[in-house]
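K.L.:
Provide a 3D model corresponding to the input given below.
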Amino acid sequence: MQTLEFELSTDYIELIKLLKLLGICESGADAKLMVEDGLVICNKEVEFRKRKKVRSGDVIYIEEQNTEIKVS
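P.N.:
So this is what the prediction gives:
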């Protein structure tokens with residue numbers, strides 16, 4: 001499993017922006033589809049909210065790519 005770490009410079013980042021910023025998705029449209037299809041797990045729960053506010057301490061898992069993102 002690949003593990004990525006992301007350090008926030010603000011209180012939060014929207015989920016689809018995080019996926020795009022880390023290069024997990026090539027575009028915002030790809031990120032939206034990934035979330036809509038239930039391929040993103042946030043804190044051990046499937047996440048369907050594209051604009052979910054990801055905060056420090058959250059752990060995101062991308063099922064399709066076997067990637068975990070730890071946010072601090």
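K.L.:
Quick one: mean pLDDT over stretch 30-38.
P.N.:
The predicted model gives stretch 30-38 an average pLDDT of 95.
K.L.:
okay, that stretch in PDB with CA atoms only?
P.N.:
Written as PDB, here are the backbone C-alpha positions of stretch 30-38 (Å, rounded to 0.1, in the frame of the first residue of the first chain):
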ATOM      1  CA  ASP A  30     -12.200  12.500 -12.400                       C
ATOM      2  CA  ALA A  31     -12.100  13.200  -8.700                       C
ATOM      3  CA  LYS A  32     -15.900  13.800  -8.600                       C
ATOM      4  CA  LEU A  33     -16.500  10.500 -10.400                       C
ATOM      5  CA  MET A  34     -14.200   8.600  -8.000                       C
ATOM      6  CA  VAL A  35     -16.100  10.000  -5.000                       C
ATOM      7  CA  GLU A  36     -19.500   9.400  -6.500                       C
ATOM      8  CA  ASP A  37     -18.600   5.800  -7.300                       C
ATOM      9  CA  GLY A  38     -17.800   5.100  -3.700                       C
END
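K.L.:
So which bits of it are buried?
P.N.:
Using 16 or more other C-beta atoms under 10 Å as the burial criterion, the residues of stretch 30-38 that qualify are Ala31, Lys32, Met34, Val35. Yep, even glycine has a C-beta here, placed from its N, CA and C like the rest.
K.L.:
Now distance to Lys70 and secondary structure too, for these, in CSV please.
P.N.:
Supplementary listing: the buried residues of stretch 30-38 in CSV, determined by distance: C-beta to C-beta, whole Å; DSSP: H, G, I helix; E, B strand; the rest coil:
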residue, distance to Lys70, secondary structure
Ala31, 18, helix
Lys32, 23, helix
Met34, 19, helix
Val35, 19, helix
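K.L.:
got JSON lines for the residues you listed, with distance to Lys52 too?
P.N.:
Below are the buried residues of stretch 30-38 laid out as JSON lines (distance: C-beta to C-beta, whole Å):
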{"residue": "Ala31", "distance to Lys52": "12"}
{"residue": "Lys32", "distance to Lys52": "12"}
{"residue": "Met34", "distance to Lys52": "13"}
{"residue": "Val35", "distance to Lys52": "8"}
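K.L.:
can you tell me which of those lies nearest to Glu68?
P.N.:
Met34 (14.9 Å; C-beta to C-beta).
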